[in-house]
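Enquirer: below: sequence and its predicted model.
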Amino acid sequence: MQTRTILYILSVILILLGGVMAVPVLLALLDRGPDLLALALTSGSALVLGVTGWLATRRTRERRWLSYRDGYVTTVAGWLLASGTGAMPFFLYAHLGVADPAWAPAAPPGTPLCALPVETLHPAREFCSITDALFESVSGFTTTGASVIRAGLWDGLDRPTSDGRPALPRGLLLWRSLIQWLGGMGILVLAVSILALAGVGGLHLMNAEVPGPTAGRLSPRIADTARMLWKVYAIISLAQVAALLAGGMDLFNAVCHTCTTMATGGFSTLARSATDMTPYTQWVLVLFMFVAGANFALHWALLFRRSFSYHRDGEFRLYGAVVLVATGFLVLSLLGLGHAWGFGETLRHACFQVVSILTTTGYASADFARWAPDAQLLLLLLMLIGGCAGSTGGGVKVIRLEVTLRTALRELLRLAQPRAVSPIRSGHQVVKESMVSEMLAVVILFGALFVLSSLLLAGLGMDVLSAVSAVAACIGNVGPGLGDVGPMASFHGVPAAGKWVLMFDMIAGRLEILTVLVLLSPRFWIR
């Protein structure tokens, strides 16, 4: 195993994270926020450790081209390292931050946040436990959007700080959004575009991390493909920031919501997610969530080759059809409930939630936990489907479900016509049998992990609806579930052991199940 090369790549990841964290550090410095020390310590430590590791491993006679085994190990190790680094600002802020008088007027001056009584409900108390801080970070990097922060406690709507600022400082809120933006396209994909300059092969890193059955190539060189994907990602992100600013949203919230929309992550700086946003802003989010849930290779073809090829892609057509059919079903369900909404408003909420859940973004324009059972069941099923291959969305992916259904239909045809030759097609393209087997394996393992995790959470005392929807939301990287983990609730009440189960589900779901589970196989480690 290329140990020095793996350490070299992990060092580069630390440098990247420390450099990106410098942006929230600057914001905290401008705000003179109480999160400055936590962010600065983490950013500085990441940069020092990263540079030290890079200097120690950059000169080596060892071959740097990674094998498939090295690629899987590096990918999982990179995500664990990123999650741990991302958790430190939350954890340090909870232990180093000082209580604001508006939250605890009876507390002595200089009282640490974690020393406050539980009844003060300060949001920083949610991160006193390393488990909760790590849960928030894993949820961010995997673009899940499941939070341990109880809704309504942290954006100043209920009880602002003494100077009127949000209860969670803007530096931490920005970092919380940035980790989703980094995780959306992939921290390893970003690293590949840099590591190619040092002669490190990135093919196996791309194959292990990029969502979908295949990583896909936009260029003969894998590093060029990584740069192209990030370029498209950045261009569309800038377009969304401009669209949100045009609707009256301030720059800070526009940037934060763009980061979490393009990553299909769903973290919001607002306590009630998108429920209090204007109709214009909600439609902007719908548009960019839909774009983020599509294959970025199609966006690249449009932006750089002036080729509009969406209608020729079989998966995209099915993706659009699912949105239209599910929205129609949800409109009928909501109209049957007798809501005070008119047809236009009903259509907006139905379309918003369908796109949000299908793309695994997880924003909420309304409390869908109060909707009819058939509507909730539809949303639960959409959680498991996910977006397209090559998108930032999670879930099983549309193409895998399409291939699974076509394979089942082919077996029925073989019973009727044993000599018939029926290749599996997606659109006009024939799917290789090796790829069909891999897709079926992912679907089966996805289902097995879903059932096992649900049983574990139920065994820890959670009710069935909350346990099942929590697992579906985490393994599909969606965020909000139903019951006790609904859109207006949080994962705060999940037992600590249950949070570790869900963190495993989030990473396994983000890395397409196989990348994580293969490391647990003894045969993987046999040369």
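Expert: Thanks, I have the structure now.
Enquirer: contacts and neighbour counts: CA atoms only from here.
Expert: Noted.
Enquirer: need the residues that contact stretch 43-56.
Expert: 7-8, 10-15, 17-19, 21-22, 25, 85 (Cα atoms under 8 Å, 6 or more residues apart in numbering).
Enquirer: do that again at 7 Å, thanks
Expert: Stretch 43-56 is contacted from outside by Tyr8, Ser11, Val12, Leu14, Ile15, Gly18, Met21, Ala22, using Cα atoms under 7 Å, 6 or more residues apart in numbering.
Enquirer: ok, stretch 367-379 next?
Expert: Leu330, Ser333, Val354, Ile357, Leu482, Gly483, Gly486, Pro487, Met488.
Enquirer: can you tell me which of those residues are in helices?
Expert: Leu330, Ser333, Val354, Ile357 (DSSP state H).
Enquirer: so which of the contacts of stretch 367-379 is the most crowded?
Expert: Ile357 (34 neighbours; other Cα atoms under 10 Å).
Enquirer: distance check, that one against Val322.
Expert: Distance of Ile357 to Val322, given as Cα to Cα, to the nearest Å: 12 Å.
Enquirer: one more: Tyr363?
Expert: 18 Å.
Enquirer: who's more crowded, those two?
Expert: Taking neighbours as other Cα under 10 Å, Tyr363 and Val322 compare with Tyr363 leading, 31 against 18.
Enquirer: confirm for me that that one is in contact with Gly266.
Expert: Yes. Tyr363 lies in contact with Gly266 (Cα atoms under 7 Å); the separation is 5.1 Å.
Enquirer: where do the strands of the stretch 401-527 of the chain begin and end?
Expert: 425-426, 429-430 (DSSP state E, counting those that start in this stretch).
Enquirer: any idea how far Val468 is from Gly395?
Expert: 15 Å.
Enquirer: again, but for Leu452
Expert: 17 Å.
Enquirer: looking at these two, which is more packed in?
Expert: Gly395 (32 against 13).
Enquirer: that one: what's it in contact with?
Expert: Counting by Cα under 7 Å, 6+ apart, Gly395 has contacts Met383, Leu384, Ile385, Gly386, Gly387, Gly476, Asn477, Gly509.
Enquirer: report the secondary structure state of it.
Expert: Assigned by DSSP: H, G, I helix; E, B strand; the rest coil, the conformation of Gly395 is coil.
Enquirer: and it, what pLDDT?
Expert: Looking at Gly395, its pLDDT reads 83.
Enquirer: try Val118
Expert: pLDDT at Val118 comes out at 68.
Enquirer: distance to Gly78, secondary structure and neighbour count added to the contacts of stretch 43-56, as JSON lines?
Expert: Shown next, in JSON lines, are these (distance: Cα to Cα, whole Å; DSSP: H, G, I helix; E, B strand; the rest coil; neighbours: other Cα atoms under 10 Å):
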{"residue": "Tyr8", "distance to Gly78": "11", "secondary structure": "helix", "neighbour count": "24"}
{"residue": "Ser11", "distance to Gly78": "9", "secondary structure": "helix", "neighbour count": "27"}
{"residue": "Val12", "distance to Gly78": "10", "secondary structure": "helix", "neighbour count": "24"}
{"residue": "Leu14", "distance to Gly78": "9", "secondary structure": "helix", "neighbour count": "25"}
{"residue": "Ile15", "distance to Gly78": "12", "secondary structure": "helix", "neighbour count": "24"}
{"residue": "Gly18", "distance to Gly78": "14", "secondary structure": "helix", "neighbour count": "25"}
{"residue": "Met21", "distance to Gly78": "17", "secondary structure": "helix", "neighbour count": "26"}
{"residue": "Ala22", "distance to Gly78": "20", "secondary structure": "helix", "neighbour count": "19"}
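Enquirer: look at the most centrally placed residue in the chain and report its pLDDT.
Expert: Nearest residue to the geometric centre of the chain (Cα atoms, centre = their mean): Thr143, 1.0 Å. With respect to pLDDT, Thr143 has a value of 91.
Enquirer: that one touches Gly186, doesn't it?
Expert: No. Contact between Thr143 and Gly186 fails when scored by Cα under 7 Å: they sit 10.0 Å apart.
Enquirer: number of nearby residues for Ala416?
Expert: Ala416: 10 surrounding residues under other Cα under 10 Å.
Enquirer: how about Gly461?
Expert: Neighbour number of Gly461 under other Cα under 10 Å is 12.
Enquirer: helices of the stretch 401-527 of the chain, start to end?
Expert: In the stretch 401-527 of the chain, the segments counted as helices under DSSP state H, counting those that start in this stretch are 433-459, 464-475, 496-510, 514-517.
Enquirer: looking at these, which is nearest to Val241?
Expert: helix 496-510 (25.4 Å; Cα to Cα).
Enquirer: now for that closest one, which elements pack on it?
Expert: Counting contacts by 3 or more Cα pairs under 7 Å, 6 or more residues apart in numbering; DSSP states H and E, helix 496-510 packs against helix 130-141, helix 464-475.
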